[in-house]
Every structure is written in structure tokens, then in C-alpha cells.
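S.K.: Have a look at this fold, sequence not included:
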């Protein structure tokens, strides 16, 4: 623990994947840096989000595959679920990564303050722990990386037992017989997949006209079909009206439709006319309604900072309207992704160090939903490309014709879809649904950064047999025709 007072070049408030990575890089560049974290370094992503969720999903996916083990010539007497052991493994993985993060910070000589950071002036941060002042740091620069918290509507009684946030459900060690999930975004879909595979009766309630509304229409329609086939009830264009808790939950929903308006979007919800009410009952309700930036109790009201809605606004090097004050991650707005926060942190540090920087192309940030099959994408959807006036060519290749997915028995209704500029073949977007398709997206992102074309993708050599060959075939489908179709 550092001394009571210090003078540093940079203070980073928030030790999540944006903050701690920025702190390590700053220290590597010779910037005297302190990291302030009120809970544990690693943040929500490591302790209540990305990592623990994916550990549970991985265990569920192994179980799903074992359910058809006889197809692969594997037999055993009895298959069961030890859900508490899912959690023990989750805790083991989180602990290991947490210790690794602590080691890296120490190795790179980052001073870590355990407490809350509070601005007392533009160049001074007070550290408080359990209400007590424990340190004061004078600094030239500050990076805010305080992240976000689950959004809980004030009208919904969230008790952590029957009505749960994503934080709460990660510590529940009983599989509910039935669960209602409010919200069909990535978080809602991942938990819907998890509990459906584990035998729960799952109902998704989504206000918009489809699940995963940010994804390509064809991709999300395919996922919805697969989930419905597995027994997941999906109620779209439906609002959550009232929630009652009594040894379970009773939820009043209202289905809505208005054909005189275009479909609703997250940014532009449209008025609906009432179609009808329905009452649902379940063991519990998961609120997966999004997240809200954690900007309270850090003293930023002292500054005249620019906001867009509830999010802090920054320039292309992540600096706010207050000179020397930077903001990264969820507090700057969508997409609320760990890798976006990390990249923003590296960009801010690079600028502070006086290095040349390249602005982030937010359209190019890959996103993955870790259900099975995975949904992954980068760039524009077909609808977005067309609405922006692009003349496009679309190449699509079904995974049922990919040798690796046939070997693995994991093709289902999956596909890879490439959207390219019609004239030059420049890649505008890639969308995929299938096993581990998230692993393809780094290459897609790199291709778009380099302004790569479908022709260049089709001329590249891909190892055989691999899932990556679906990219090759989809590229051929843009240029002329796929080979294996």
C-alpha cells in the first residue's frame, strides 16, 4: 500500500479491463502511475461478468455435447449435473486470473490503492476506504475507468433472491425449475442458453422486435429459431409491466404492436398500441436490461464535462472537455465491451506518453455472444450497409458444408456471411453463427483495418480442415461462387 500522499504522472480510477491494462502500459512507458480500485482489480469483467459467465457456459456446453456422446462412440452409465461444482470451477478460474492480474501490476511497478477515488480538484485525487481518508494523490493526468452497473428499473423489486441481476445470478448455486429473463441482448441470451441446457423452463421477454437487436437480421433470426426449437419461449415486442414477489415471481407483461411505425430500436423506441396482457410465473426473474455508467460519488460534478445522455463524451484520444481528464470503457457509451475498454485505455496512455495515436474505428469492434451456437460479428449489418447507401454484394456459406463442423457435429443452422462493397469488394461487415465463430473475428477486424477486399480473402490460404475455411467460401461467394456448395 502506498503512503498517505504522493505525486504522480497518472492516476487511473477503476481497475477493470480498461483501467488495469492502461496502468500496466503506462508503467511500461515510464509514466509514474497509480491505480485506484474499490473492490478487486480485474473489475466486473473478471469477477461478475465476462469470465465467470463464460466458465459456467463452458461447463454447460460440455454437458450439452455429452448428451449426444453416443453419436461419437462414447458410452457411460449415467450423466448428471453437479451445479455447485460449476461454481467451484468458476471460482478457481477467477482466482487464478485475479492473482495473475495482481502479479502483472506488481511486476510493472504500478502502485495500487485499495479504495474509492474522489476528485478534490482537477489535479488531485482523494482515496477513501470504508469512509476514511487513506491517501491523497497529486497528479498531472487522470483516467476514469469506473465501468458500469446493472440497470434496475425503480419500479421492479430487485431482492437478489427472486428478482436477480446478472451479478446476483452468478452466485446462485441452485438451478431454477423456471426462469423469466427480461432482456434479449447478449447477457439475456447467454443465461437463457445456460439454463435451458441445464433443464430450466426459460422465457425471454424483449421490448424490441427481436433478440440481439444489434446483430444482422438473418443471424438473429437463425438463433431465435434454434432457441425456440430447444424449448425457449421468446416474447418480443413485449414490455415488463409489473413484478410481484411471493416465493417466486409473478410477472405482468404487455404485448405491443403498431404497424404504422417502423420496428423499434434501442436508440429509437416507437409508441405501440396495446395488444394484450399476459401473466407469467417462474421461480425467478433475471433482469438483463442493460447497464448504466458508474459515475456517482467520484466528484466529477466539479467539472463542466460534456455528456451524451448518461455517457461521458471524449475526443479521439479519450480526453474529456476537462484537460488532463480522460474517460474510457463503459462510461463513454456503447459498445459496453471489455476489449473496447482495454483499447481505449491503451489509446489514452499512448497520447499521455506523447506517442502518435490512431483513432478507434468503433464500427470495426468485434462482438460475440457466447451461447451455443455462438453469434459473432464485426462491421456493418446488411441492413446498416443498405441504409447508409452502400451498393453491396453478400456472400454466405452454410456450415453444414464445412468439413470441420461436420467432423465436430456442430454445424446446425450456422453460417458465415460477408457483406462487401459491390464496386471495390471492400469488406463492410462479417456475421457468423456457429461453433467458436468468435475466434474468427480478430482476422475480420484486421482485414477491415487494412481495407481488405473479398477478392483478397478468397486468394488467401486457409488450413484444412478448419472452421476458418467458411470465411474463404463466403469470400468466394462474394467474388463469384463458393467451391463447396
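M.R.: Done, it's in. Keep in mind that what you see is a predicted model, and the values were worked out from it rather than measured.

S.K.: biggest strand in the chain by residues?
M.R.: When the chain is parsed with DSSP state E, its longest strand is strand 132-144.

S.K.: Check what contacts the helix or strand that it is followed by and list those residues.
M.R.: Counting by DSSP states H and E, the next helix or strand C-terminal to strand 132-144 is strand 148-150. Contacts with strand 148-150, where a contact means Cβ atoms under 8 Å, 6 or more residues apart in numbering, come from 44, 165-167, 287, 289, 291-294, 329-331, 336. All C-beta spots, glycine's among them, are computed from the backbone N, C-alpha and C.

S.K.: Which other helices and strands does the longest strand of the chain contact?
M.R.: strand 5-13, strand 111-114, strand 124-129, strand 325-327, helix 338-352 (3 or more Cβ pairs under 8 Å, 6 or more residues apart in numbering; DSSP states H and E).

S.K.: what's in contact with the longest one?
M.R.: Contacts of helix 338-352 with the rest of the structure, by Cβ under 8 Å, 6+ apart, involve 9-10, 12, 16-19, 21-22, 25-26, 29, 31, 45, 49-50, 141, 143, 145, 147, 317-319, 326, 328-330, 332, 356-360, 362, 365-366.

S.K.: avg pLDDT for stretch 125-135?
M.R.: The average pLDDT within stretch 125-135 is 91.

S.K.: Pull out the buried residues from it.
M.R.: If you call a residue buried by 16 or more other Cβ atoms under 10 Å, then stretch 125-135 has these buried ones: 125, 126, 127, 128, 134, 135.

S.K.: wait, the fourth one sits on residue 120?
M.R.: Read that as residue 128. No: taking contact to mean Cβ atoms under 8 Å, the distance of 10.8 Å between residue 128 and residue 120 leaves them out of contact.

S.K.: any idea where the strands of the stretch 201-350 of the chain begin and end?
M.R.: 201-205, 233-235, 238-245, 249-257, 273-282, 284-287, 291-293, 307-308, 311-312, 325-327 (DSSP state E, counting those that start in this stretch).

S.K.: Parallel or antiparallel, which strands does the second one pair with?
M.R.: The one in question is strand 233-235. Each strand that strand 233-235 pairs with, and the sense of that pairing, follows from DSSP bridges: strand 201-205 (parallel).

S.K.: still on that earlier bit, worst mean pLDDT among the strands of the stretch 201-350 of the chain?
M.R.: strand 273-282 (a mean of 79).

S.K.: residue closest to the middle of this protein?
M.R.: residue 337 (4.6 Å; Cα atoms, centre = their mean).

S.K.: List the residues that contact that residue.
M.R.: Under the criterion of Cβ under 8 Å, 6+ apart, the contact list for residue 337 reads 365, 367.

S.K.: Kindly report the same for residue 441.
M.R.: So, once contact is read as Cβ under 8 Å, 6+ apart, residue 441 ends up touching 366, 367, 368, 376, 377, 378, 430, 432.

S.K.: mind checking the SS state of the residue sitting furthest away from the middle of the chain?
M.R.: Most distant from the centre of the chain: residue 77, at 38.2 Å, with distances by Cα atoms, centre = their mean. Taken by DSSP: H, G, I helix; E, B strand; the rest coil, the conformation at residue 77 corresponds to coil.

S.K.: List phi and psi for it.
M.R.: Residue 77 adopts backbone torsions of phi -70, psi -40, taken as degrees, to the nearest 10.

S.K.: Indicate each strand paired with the longest strand of the chain and its parallel or antiparallel sense.
M.R.: The strands that strand 132-144 pairs with in its sheet are strand 5-13 (parallel), strand 124-129 (antiparallel), strand 325-327 (parallel) (by DSSP bridges).

S.K.: any idea where the helices of the protein begin and end?
M.R.: Secondary structure of the chain (DSSP state H): helices at 19-28, 43-47, 50-66, 83-107, 166-169, 186-197, 217-229, 338-352, 382-387, 403-408, 441-449, 454-459, 469-479.

S.K.: Dump the ones you listed to CSV, plus mean pLDDT and distance to residue 255.
M.R.: Listed next are the helices of the chain as CSV, based on pLDDT from 0 to 100; distance: least, Cβ to Cβ, whole Å:
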stretch, mean pLDDT, distance to residue 255
helix 19-28, 98, 42
helix 43-47, 96, 33
helix 50-66, 97, 29
helix 83-107, 98, 33
helix 166-169, 96, 25
helix 186-197, 98, 18
helix 217-229, 97, 16
helix 338-352, 98, 34
helix 382-387, 96, 24
helix 403-408, 97, 37
helix 441-449, 93, 35
helix 454-459, 96, 41
helix 469-479, 97, 37
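
S.K.: Any chance of CSV for those, columns distance to residue 36?
M.R.: Output for the helices of the chain, formatted as CSV (distance: least, Cβ to Cβ, whole Å):
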stretch, distance to residue 36
helix 19-28, 9
helix 43-47, 12
helix 50-66, 22
helix 83-107, 12
helix 166-169, 21
helix 186-197, 27
helix 217-229, 39
helix 338-352, 14
helix 382-387, 38
helix 403-408, 45
helix 441-449, 31
helix 454-459, 44
helix 469-479, 42
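
S.K.: Select, out of these, the one closest to residue 246.
M.R.: Nearest of the helices of the chain to residue 246, taken as Cβ to Cβ: helix 166-169 at 18.2 Å.

S.K.: how much space between the closest residue to residue 28 other than its chain neighbours and residue 122?
M.R.: With Cβ to Cβ, 6 or more residues apart in numbering as the criterion, residue 28 has its nearest non-adjacent residue at 6.0 Å, and that residue is residue 108. As defined by Cβ to Cβ, to the nearest Å, residue 108 lies at a distance of 27 Å from residue 122.

S.K.: same check, this time on residue 377
M.R.: 40 Å.

S.K.: With neighbour numbers in mind, choose between the two.
M.R.: The neighbour comparison of residue 377 against residue 122 (other Cβ atoms under 10 Å) goes to residue 377, with 26 against 13.

S.K.: Now that we're looking at the residue lying closest to that one once chain neighbours are set aside, what pLDDT does it have?
M.R.: Across the structure, with Cβ to Cβ, 6+ apart as the measure, the residue nearest residue 377 apart from its sequence neighbours is residue 431 (4.5 Å). At residue 431, the pLDDT value in this model is 98.

S.K.: ditto for residue 423
M.R.: Taken from the predicted model, the pLDDT recorded for residue 423 is 91.

S.K.: for stretch 358-370, which positions count as buried?
M.R.: 360, 364, 365, 366, 367, 368, 369, 370.

S.K.: Make JSON lines out of these and add distance to residue 153 and pLDDT.
M.R.: As requested, those are exported to JSON lines (distance: Cβ to Cβ, whole Å; pLDDT from 0 to 100):
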{"residue": "360", "distance to residue 153": "31", "pLDDT": "95"}
{"residue": "364", "distance to residue 153": "33", "pLDDT": "92"}
{"residue": "365", "distance to residue 153": "28", "pLDDT": "96"}
{"residue": "366", "distance to residue 153": "30", "pLDDT": "97"}
{"residue": "367", "distance to residue 153": "25", "pLDDT": "97"}
{"residue": "368", "distance to residue 153": "27", "pLDDT": "98"}
{"residue": "369", "distance to residue 153": "23", "pLDDT": "98"}
{"residue": "370", "distance to residue 153": "26", "pLDDT": "98"}
